[in-house]
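A.B. asks: using only what follows, build the 3D model:
(one chain, ligands or ions: 2)
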Amino acid sequence: MIQLEGVTLSYGVEKETILILEGVDLNITSGEWITLMGPSGSGKTTLLNVLSGLISPSAGTLMLEGADMKDMKQADRQNYFRTNSSSVYQQFRLLPQFSVLENVMLPLVPYKKKSEIESSAKKLIERVGLSHRLMHFPHQLSGGEQQRTSIARALLTSPKILLCDEPTGNLDTKNRDNILTLLSKLHQEGLTIVVATHDKAVAQRSDRIVHLKDGMISEGILQS
Ligand SMILES: Nc1ncnc2c1ncn2[C@@H]1O[C@H](COP(=O)(O)OP(=O)(O)O)[C@@H](O)[C@H]1O
Ligand SMILES: [Mg+2]
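C.D. replies: Ligands and ions are numbered 1, 2, ... in the order given. Alright, predicted model coming up:
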C-alpha cells in the first residue's frame, strides 16, 4: 500500500544540512503491523510524519497505492492522506476544552453532518469501552482512557493505516496492555498499523520489526 524507496530527509540548519532519514527503503503491505524501534533521535517520529503526509521527503520516492506521490495533484495527495491514515500520539493530543464525544467527532466536523458524525463517534467510543465517559473532559480521564479516546478519534475517518508514535509511552503496564489488546483486535480486522516504540512488549505483538539507527533502516528480529 505504501512503498518508500531511497527516502531521504534533510533540513538546512544555519549553513549546515542535517540528514534525518537516509535512503530509507520500506514496503508496507496492507494489513501488516510494523514496529519501528531505535534509539531516541534515530528518526522514528520523522518517518511516521513522512508516512502521514505531514512532511515530504527531500529525495527518494513515496508510492501511495502504486502511484508516485510526486505525480499526484496536491489536492489528491492531501485527500489520500486525510482519508487513508490517522495518527495516535504519546501525549494523546486531545483538546482539553472538549468532551470525549466532541474530541472523537472533530476530524469529520468540516466534512459531514453533525448527526451522522455523532452516531459514528458514539459507536467508536463504545468500541473502546468508554461509553460511560461520553461527556467527561480529558482532565477527568486516566492516561489509558485518554489514549483510548484518541484511538477512537483516529478511527472516525475509517483509516486503512494507523500510525502510532510511542502510544504506550505514558501509560502504566495495565493500561499499556489494554491499548495493546485494542490494537491487536484492530489488526485482526485488517487495519495496517505502524508503531514507533521502545517497548519490547509492544514490538512482540507485531508482524515485523524495523530498526532505525541514525536515520537508516535495518530489519531484524527482536533481541531479548
Ligand atoms: N524540523 C527539524 N529540524 C531540524 N532537525 C530536526 C527536525 N525534526 C527532527 N529533527 C532531528 O531529527 C532527528 C530525528 O528526530 P525524530 O524523528 O524525532 O527521532 P525519534 O522519534 O526516533 O526520537 C533528531 O536528531 C532531531 O533533532
Ligand atoms: Mg519520536
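
A.B. asks: what does the protein have sitting close to ligand 1?
C.D. replies: Residues of the chain found near ligand 1 (CB under 6 Å from any ligand atom) are 11, 13, 18, 20, 38, 40-46. In short, each C-beta sits where N, CA and C put it, glycine included.

A.B. asks: can you put these in a markdown table and add distance to residue 218?
C.D. replies: Below are the residues of the chain next to ligand 1 laid out as a markdown table (distance: CB to CB, whole Å):
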| residue | distance to residue 218 |
| --- | --- |
| 11 | 23 |
| 13 | 26 |
| 18 | 21 |
| 20 | 17 |
| 38 | 9 |
| 40 | 17 |
| 41 | 16 |
| 42 | 11 |
| 43 | 12 |
| 44 | 14 |
| 45 | 18 |
| 46 | 17 |
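
A.B. asks: for the residue nearest the centre of the chain, pull up the helix or strand it's in.
C.D. replies: Nearest residue to the geometric centre of the chain (CA atoms, centre = their mean): residue 163, 1.6 Å. For residue 163, the element it lies in under DSSP states H and E is strand 161-165.

A.B. asks: helices or strands up against the longest helix along the chain?
C.D. replies: Looking across the chain with DSSP state H, the single longest helix is helix 173-188. Contacts defined by 3 or more CB pairs under 8 Å, 6 or more residues apart in numbering; DSSP states H and E place helix 173-188 against helix 143-155, strand 161-165, strand 192-196, helix 200-203.

A.B. asks: which residues does the longest one contact?
C.D. replies: Put plainly, it is helix 143-155. 86-89, 92-94, 100, 103-104, 106-107, 121, 124-125, 127-130, 133, 138, 141, 162, 167-168, 170-172, 174-176, 178-179, 182-183, 186 (CB atoms under 8 Å, 6 or more residues apart in numbering).

A.B. asks: what sits against the residue in the chain positioned nearest to ligand 2?
C.D. replies: In the chain, no residue comes nearer to ligand 2 than residue 45, which is 3.2 Å away by CB to the ion. Contacts for residue 45 were tallied using CB under 8 Å, 6+ apart; they are 165, 196.

A.B. asks: angle of the strand or helix carrying it against strand 192-196?
C.D. replies: Element membership for residue 45 (DSSP H and E) is helix 44-51. Here helix 44-51 runs at an angle of 150 degrees relative to strand 192-196 (axes from the mean of the first three to the mean of the last three CA atoms, to 10 degrees).
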